[in-house]
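1. with the input below, show me the fold.
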Amino acid sequence: MLTYDRLFIGGTWVEPSSPELLDIASPHDRSVIGRAAQARPADVDRAVAGARRAFEAGTWRLTPPAERIAALRRFNTLREESAERIARLISLENGSAAWFTRAGQAGLTRQARAYLQAAAEFDWERTLTPSDPASTVRSVVRREAIGVVAAVIPWNSPFSSATTKVVPALLAGNSVVLKVSPENSLSMGLLAELLDRAGLPEGVISVLPADRGTSEHLVTHEEVDKIAFTGSTRAGRRIASLAGERLKRVSLELGGKSAAIILPDADLPRVVAGLKSHSLLNNGESCIAQTRILAPRSRYEEVVAGLREMMESLKVGAPDDPDTFIGPLIRPDQQERVRDYIRLGIAEGARLVTGGPHVPEGLEKGNYVTPTLFADVDNSMRIAREEIFGPVLVVIAYDDEDDAVRIANDSEYGLSGGVWSADEERALAVARRVRAGTVTVNGASVGFDGPFGGFKASGIGREFGAVGLGTYTEYQTITV
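-> Got it, this is the predicted structure:
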C-alpha cells in the first residue's frame, strides 16, 4: 500500500498540520489502495507564504527564461522516465483504463514540448517602433510574471490538468501552489516527487491534496494573484465571483456537452471507430467528450445501429486489464449520478438502444456503469443539455446542415466538438460555424500548439502553447 504521510510545500516534504491520513479507495472494488495526508488551511497559508517570499526575492522570476526552460525540460525528462508508473497509478486511483492512461503519456510529452518551444520563442521583451516618426519616445514592452498562482485541478485527468497549468506558470516565472483532488493523492504525490527532483528554488512549487473547503481558502487568500481552475461550471462560477471581488486574475476551463456532427457523406465505419475514443475516452469522464451525436435523418437509424454495435462490443472491466476499454467511475456517488441520468433519459421518453442503469454483471463491487446509448433524443431533454460525465451517448436527428449547426450551438457550453465528412473542406466550413473553442475534423487529435479553452459557460481564457503561456504573464511598458 502506497502512503504519503507528508506534504510537499515549497519544495520540501513537511509534516502536515493534521496527522490524519485519508484512505484512498479503488474504483474497481472499493478496497483501500493507499493513504495520504491532506492539506488544511494552515498548510495552505504556509505554502502561499513561501511562494510569496520566493516571488518577492526573485529567485525564480528573475532567473533568465533559458534557465527556467532548462529546469522544466529536466522535469519533463523525469516525467517521461516515470511514464509507466504514472499510468499505473492513475488507473489504480481513477479507474481509467490502461489503454487511456498509457496513451496519455505521449500526450503529456507533446503538451510539454509545445510549452517549452513557446517559451523559447516567446516575446519576453521588445522595443516598439513609434507610430509617429517625429516621436523620440521609445516604448519597451515586457512580459512579467504575475506572482503567486493558485492552480486548482479536478480528478478526472490529474497529470494532464496539473502540467497544463504548472509548466507554463513556472516557465513565466511565477510561484505556484497546486491544489489537487483527494482522490488523486497518490499520483499527485508522484508528481511532487518529480518536481522535487527537478531542482526548483525553495518556495516556488507546492502540491496540496485537499477538500473543497481548503480549496476555497486558497483561492480567496490575499497573497494569491491568479487563479487557474479546471472543473465544473458551477464551481467555476463560484471561483469567478470570488476572484472578481478581489480583482484576482483568473482563467477557467470548465464543462462541456460537445456535439459530433455527422454529415450525410461521412464514412460511417470511420466515424463510429473515431467516436469510440472521442466520445468514450476516460470512461466518459472527460470534459471534451463528444456525447451529443448529431445524425442526418436520411442515415439516422444507420448511425444508431453502428454506435450500438460499437458500444456493445466494448469490454467493461478492471482498469489494468489490457482488453478493458471502459473502467469504473471515480467514486460511488459519481456512479449513482450517471445511473440517475440514465433513468432520467428513460423517463424523458428517449429510446434506450443499449445499456441501462444496471451495473454490469460480476462488477457489482466497483463503481461500474453499463455503456448506454439513447436514440430519439430531443435537444431540449436534460440528457442532451447537462454534462453527465460517464459512458452515455445521445443521438439527435437533424434536417440539414443549418439545422445541425443550430442544434450544436444550442447549448450553454462551448468547449469542444467534431465534424465528420468525406469532404474535408465542407467539414471545415461547418466547423467554423460551431461555437466551441476546439473543433476536430474527422477525428483529428487535439493539438497542443494552438490555444485550448471554451466559449460561453465552458470557461474564460485559453491554455496550451504560446497563448497558454501568455495567460501567466502581465504586460509592463517602460517608456524612455
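
2. look up the closest residue to L469, ignoring the ones flanking it.
-> What sits nearest to L469 in space, not counting adjacent residues and going by C-beta to C-beta, 6 or more residues apart in numbering, is P168, at 4.4 Å. (Glycine included, C-beta is placed from N, CA and C.)

3. the one you found sits in which helix or strand?
-> Assigned by DSSP states H and E, P168 belongs to helix 158-171.

4. pLDDT averaged over that helix - what is it?
-> Computed over helix 158-171, the mean pLDDT rounds to 98.

5. repeat that for stretch 433-446.
-> Mean predicted lDDT for stretch 433-446 stands at 96.

6. one step back: name the helices or strands packed onto the helix holding P168?
-> Where contact means 3 or more C-beta pairs under 8 Å, 6 or more residues apart in numbering; DSSP states H and E, helix 158-171 is packed against helix 65-81, helix 83-94, helix 98-121, strand 148-152, strand 175-180, helix 185-198, strand 226-230, helix 465-470.

7. okay, the ones you listed in TSV with distance to S26 and mean neighbour count next?
-> Formatted as TSV, the helices and strands packed on helix 158-171 follow (distance: least, C-beta to C-beta, whole Å; neighbours: other C-beta atoms under 10 Å):
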stretch	distance to S26	mean neighbour count
helix 65-81	24	17
helix 83-94	7	21
helix 98-121	14	19
strand 148-152	25	27
strand 175-180	18	28
helix 185-198	11	22
strand 226-230	24	26
helix 465-470	34	21
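
8. and the ones you listed: which comes nearest S277?
-> Among the helices and strands packed on helix 158-171, helix 98-121 comes nearest to S277, with 8.5 Å by C-beta to C-beta.

9. domain parsing for this structure?
-> 2-254+458-479, 258-448 (automatic domain parsing).

10. what's the end-to-end length of the last one?
-> Between the opening and closing residues of domain 258-448 we find a distance of 19 Å, counting by C-alpha to C-alpha, to the nearest Å.

11. same check, this time on the first one
-> In domain 2-254+458-479, first residue to last residue: 56 Å (C-alpha to C-alpha).

12. gap between that domain and the chain center?
-> 13 Å (C-alpha atoms, centre = their mean, to the nearest Å).

13. hmm, A145 and G470 touching each other?
-> No. Using C-beta atoms under 8 Å as the test, G470 is too far from A145 to be in contact (11.7 Å).

14. who does F229 bridge with?
-> In this entry, F229 is beta-bridged to V152, L252, by DSSP bridges.

15. what's near enough to touch it?
-> Applying C-beta atoms under 8 Å, 6 or more residues apart in numbering to F229 gives the contacts 151-153, 219, 235-236, 239, 250-253.

16. now swap in R308 and tell me
-> 353-354, 373.

17. could I get those in a markdown table, plus columns for distance to L72?
-> Output for these, formatted as a markdown table (distance: C-beta to C-beta, whole Å):
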| residue | distance to L72 |
| --- | --- |
| V353 | 47 |
| T354 | 45 |
| L373 | 43 |
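
18. now the residues you listed as TSV including distance to L191, pLDDT and neighbour count?
-> Output for these, formatted as TSV (distance: C-beta to C-beta, whole Å; pLDDT from 0 to 100; neighbours: other C-beta atoms under 10 Å):
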residue	distance to L191	pLDDT	neighbour count
V353	40	98	19
T354	38	98	18
L373	36	99	24
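
19. okay, those residues in CSV with secondary structure and distance to G327 next?
-> Below are these laid out as CSV (DSSP: H, G, I helix; E, B strand; the rest coil; distance: C-beta to C-beta, whole Å):
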residue, secondary structure, distance to G327
V353, strand, 22
T354, strand, 19
L373, strand, 19
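
20. strands of the stretch 201-350 of the chain, start to end?
-> Counting by DSSP state E, counting those that start in this stretch, the stretch 201-350 of the chain has strands at residues 205-209, 226-230, 249-253, 258-262, 290-296.

21. how about those, which one is nearest A192?
-> Of all those, strand 205-209 sits nearest to A192, with 4.1 Å by C-beta to C-beta.

22. between helix 158-171 and the closest one, find me the angle.
-> Between strand 205-209 and helix 158-171, the angle comes out at 150 degrees (axes from the mean of the first three to the mean of the last three C-alpha atoms, to 10 degrees).

23. give me the contacts around strand 205-209.
-> 7-11, 22, 36-39, 43-44, 47, 50-51, 166, 170, 175-182, 184-185, 188-189, 191-192, 195, 214, 218.

24. CA atoms only for that strand - export them in CSV, please.
-> Provided in CSV are the C-alpha atoms of strand 205-209 (Å, rounded to 0.1, in the frame of the first residue of the first chain):
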residue,chain,number,x,y,z
ILE,A,205,6.1,25.0,-6.0
SER,A,206,3.8,23.2,-3.6
VAL,A,207,1.4,20.3,-4.3
LEU,A,208,-1.5,20.0,-1.9
PRO,A,209,-4.3,17.4,-1.9
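
25. how many neighbours does R138 have?
-> Neighbourhood size, R138 [other C-beta atoms under 10 Å]: 12.

26. next up, the contacts around it.
-> Contacts here follow C-beta under 8 Å, 6+ apart; on that basis R138 touches 127-128, 130, 479-480.

27. turn the residues you listed into TSV, including pLDDT and neighbour count.
-> Formatted as TSV, those follow (pLDDT from 0 to 100; neighbours: other C-beta atoms under 10 Å):
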residue	pLDDT	neighbour count
T127	95	11
L128	93	12
P130	88	12
T479	95	8
V480	94	8
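
28. nearest to V304, of those?
-> L128 (58.0 Å).

29. pretty sure that closest one is touching V137, no?
-> No. Assessed by C-beta under 8 Å, L128 is found out of contact with V137, at 9.6 Å.

30. how much space between the residue of the chain positioned farthest from its centre and V140?
-> Most distant from the centre of the chain: A134, at 50.0 Å, with distances by C-alpha atoms, centre = their mean. From A134 across to V140, the span is 20 Å (C-beta to C-beta, to the nearest Å).
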